[in-house]
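K.L.:
Got a predicted model here, sequence first, then my questions.
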Amino acid sequence: MGEHIAIDGSHGEGGGQLLRTAVTLSAITGQALVIEHIRAGRRTPGLAAQHLTAVLSVAKLCEAEVAGATLSSETLSFRPKVRPQPGNYVFDVAKAREGGSAGAAALVLQAVALAAVLAEGACHLRIGGGTHVPRSPSYDFIADVWRPFLGRMGISLETALKAFGFYPRGQGEIIGQLKGLGPQARTRLKSNRCRSSTVASFAQFRDARLRQVFRRTFHNAWPLEHRQCSQSSRRASSYDPSSYTQRAQELGSS
């Protein structure tokens, strides 16, 4: 397929994030890629419904030529033809697999939204799937953590939850509106900093080398008091479900 970047999908944890990041960066840079051994580190390797939807969604933004975009495929080629385009887009994880799917709509949104930053205009997104499902960010994380973080970088993303989606049925929907920065995005984005915290026991790291890396990396980590956790839990439980519906109606009518 000509010049392209070759990516080993088994690298690191060998999961879906490598795939989503790769196609998003391909759309942003215009660089073609071929990724092999997709999700090799998972119990069921290859493209699942959520990963396939993310690939096809990003491909639609940049009119990419895609090969290998089928369920369970472990090899994929992706060649963008144009810069990500503004417009109205509708994606649904359930359509990627017969019988539907509760694949994470939030992960699809993350892949598409970052590619859409280069669009010269607004992108209106409607993404169907699971909104609160295991092993993926919930809609609340997107709205309350990820979206504000993008805002600090100069990326304007508005989101709303139109319908909840839980495992195994899914059928939720996230609405998003992103104002693209165009080809000047690289010069208009602002630098930012973040901190990642984790809790783990050294006993979880059977490899002595991993235990050593963990100690060196987190030796200055601050313990989190139980009182703080309890306060966070109380704040999280105080959400009013009606606020989701109101926000979805406001964003959907704009």
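P.N.:
Right, received. Where do you want to start?

K.L.:
In contact with residue 158, which residues?
P.N.:
147, 176-178, 251 (C-beta atoms under 8 Å, 6 or more residues apart in numbering). In short, each C-beta sits where N, CA and C put it, glycine included.

K.L.:
typo on my end, it should be residue 72
P.N.:
By C-beta under 8 Å, 6+ apart, the neighbours of residue 72 are 44-47.

K.L.:
can you do 6 Å?
P.N.:
residue 46 (C-beta atoms under 6 Å, 6 or more residues apart in numbering).

K.L.:
Show the pLDDT at it.
P.N.:
Here the pLDDT value assigned to residue 72 is 96.

K.L.:
just the contacts of residue 158 now: which is nearest residue 156?
P.N.:
residue 178 (6.8 Å; C-beta to C-beta).

K.L.:
Let me know the pLDDT of the closest one.
P.N.:
96.

K.L.:
Residue 65: neighbour count?
P.N.:
When counting by other C-beta atoms under 10 Å, one arrives at 13 neighbours for residue 65.

K.L.:
Same question for residue 177.
P.N.:
Residue 177 has 18 nearby residues by other C-beta under 10 Å.

K.L.:
partner residues bridging it?
P.N.:
residue 124, residue 158 (DSSP bridges).

K.L.:
now it: how far from residue 86?
P.N.:
11 Å (C-beta to C-beta, to the nearest Å).

K.L.:
before we move on, what about residue 135?
P.N.:
32 Å.

K.L.:
higher neighbour count, these two?
P.N.:
residue 86 (17 against 9).

K.L.:
so residue 137 sits in a strand?
P.N.:
No - Residue 137 is assigned coil when assessed by DSSP: H, G, I helix; E, B strand; the rest coil, not a strand.

K.L.:
Identify the residue nearest it in space, chain neighbours excluded?
P.N.:
In space, and not counting its chain neighbours, residue 137 is closest to residue 106: 4.7 Å by C-beta to C-beta, 6 or more residues apart in numbering.

K.L.:
okay, now that neighbour: neighbour count?
P.N.:
Residue 106: 27 neighbours (other C-beta under 10 Å).

K.L.:
Backbone dihedrals for residue 154, please?
P.N.:
phi 100, psi 10 (degrees, to the nearest 10).

K.L.:
wait, I meant residue 160
P.N.:
The phi/psi pair for residue 160 (degrees, to the nearest 10) is phi -150, psi 150.

K.L.:
Look up how far residue 149 lies from it.
P.N.:
18 Å.

K.L.:
higher neighbour count, the two?
P.N.:
Taking other C-beta under 10 Å, residue 160 and residue 149 do not tie; residue 160 has more neighbours (22 against 11).

K.L.:
Verify the stated contact: the more buried one with residue 251.
P.N.:
Yes - counting by C-beta atoms under 6 Å, residue 251 is a contact partner of residue 160 at 4.0 Å.

K.L.:
Which neighbours do those two have in common?
P.N.:
With C-beta under 6 Å, 6+ apart, residue 160 and residue 251 have common neighbours residue 175.

K.L.:
residue ranges with poor pLDDT in the chain?
P.N.:
1-2, 194, 196-250, 252-254 (pLDDT under 70).
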